[in-house]
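Novice: sequence and predicted structure are below.
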Amino acid sequence: MIPIDQTRFGCHDPNEPANTAPGNCWTACLASILELPLSEIPDELEFWKDGMKPLDSWIPYQKKTHLWLHNKDIVIVEVRMSSVFYTGPEECFDMYCILSGPSPRNSKVNHAVVGKGNQIVHDPHPSRKGLSGEYKYWWYEFLVRK
């Protein structure tokens, strides 16, 4: 894992139209785990237009990114947070993943960080504040080779 910082900072309510481009924290996390420059990862900006709701660009971006990963023989396995992550020994989760949950800057907005198990190891936002809220709000995304 090579820490890569995000270069755009969107903090939009997902139910409201946005007049600024979406942030790229999740993309920076993906680049960090894959140890690739941010410029080599698909960019949500390709799908964003001024005034659209965040999910309107996020959904096609996710489809493109999943296909891009599929072509690299990688799939993302997403797991919603549950107590199962705390019942076994810590070394069971000794792999990098993307942790997502409420942003400490706006709890209505999701933020993504790189985790190793249930610990944050890199926050791509310059504040380095991680995620807010309880663990129950987080989900994990594991990159798995096919």
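Specialist: Received, thanks.
Novice: and the strands in the protein?
Specialist: Applying DSSP state E to the chain gives strands spanning 74-80, 96-102, 110-116, 119-122, 139-145.
Novice: quick check: the gap between the nearest residue to residue 49 once chain neighbours are set aside and residue 98.
Specialist: Distance criterion Cβ to Cβ, 6 or more residues apart in numbering; nearest residue to residue 49, sequence neighbours excluded, is residue 57 at 7.5 Å. Any C-beta I mention is one placed from the backbone N, CA and C, and that applies to glycine too. Residue 57 is 18 Å from residue 98, where distance means Cβ to Cβ, to the nearest Å.
Novice: what do you get for residue 65?
Specialist: From residue 65 over to residue 98 the distance is 12 Å, taken as Cβ to Cβ.
Novice: now do the shared contacts for those two.
Specialist: Contact criterion Cβ atoms under 8 Å, 6 or more residues apart in numbering; residues shared by residue 65 and residue 98: residue 30.
Novice: in this structure, where's the longest helix?
Specialist: The helix that spans the most residues within the chain, counting by DSSP state H, is helix 54-70.
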